[in-house]
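>>> okay, sequence plus prediction incoming.
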Amino acid sequence: MRFVNPATLSKPPGYTHVVEVTKGRTIYIPVKLRLTAQATSLGVEISALRHSRFENIKEALEAVGATFKEVVKLNIYVVDISQLQAFREVAG
């Protein structure tokens, strides 16, 4: 992958304006459930939820021989805006 921030654009905090994938493959991993493989609820505590989701993504990536180093884009949707700041704090 090649990461580019054109000099004519403002420098973004924590991401790159342009990511060019020069070779490889595309993998889509939808992770949206609050359940473990044993189908038990993790509850609504946001840090536990975040941890479980990222563990699920990590396991899905490992299943196809990939790691977070190869992830180009990650969409996160927060449906309760009152939880946005708490999510930002644990997402780091």
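All right, it came through fine.
>>> switch to C-alpha atoms for all contacts and neighbour counts from now on
OK.
>>> what's the helix or strand for residue 86?
Per DSSP states H and E: residue 86 is located in helix 84-91.
>>> avg pLDDT for that helix?
The average pLDDT within helix 84-91 is 70.
>>> and for stretch 10-22?
Per-region confidence: stretch 10-22 scores 86 on mean pLDDT.
>>> now it, how far from the centre of its chain.
Taking C-alpha atoms, centre = their mean, to the nearest Å, one finds the center of stretch 10-22 at 15 Å from the center of the full chain.
>>> what about the residue nearest in space to the middle of the chain, which SS state?
Centroid-nearest residue in the chain: residue 74, 3.9 Å away (criterion: C-alpha atoms, centre = their mean). Following DSSP: H, G, I helix; E, B strand; the rest coil, residue 74 is assigned to coil.
>>> now do the strands in this structure.
Ranges of strands in the chain, per DSSP state E, are 2-4, 18-20.
>>> pLDDT (mean, whole number) over the first one?
Average pLDDT, strand 2-4: 89.
>>> that strand pairs with which strands, and in what direction?
Using DSSP bridges, the strands paired with strand 2-4 are strand 18-20 (antiparallel).
>>> which outside residues touch the partner strand?
1-5, 72 (C-alpha atoms under 8 Å, 6 or more residues apart in numbering).
>>> tabulate those residues (JSON lines), appending neighbour count.
What follows is these, written out as JSON lines (neighbours: other C-alpha atoms under 10 Å):
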{"residue": "1", "neighbour count": "11"}
{"residue": "2", "neighbour count": "9"}
{"residue": "3", "neighbour count": "13"}
{"residue": "4", "neighbour count": "11"}
{"residue": "5", "neighbour count": "14"}
{"residue": "72", "neighbour count": "14"}
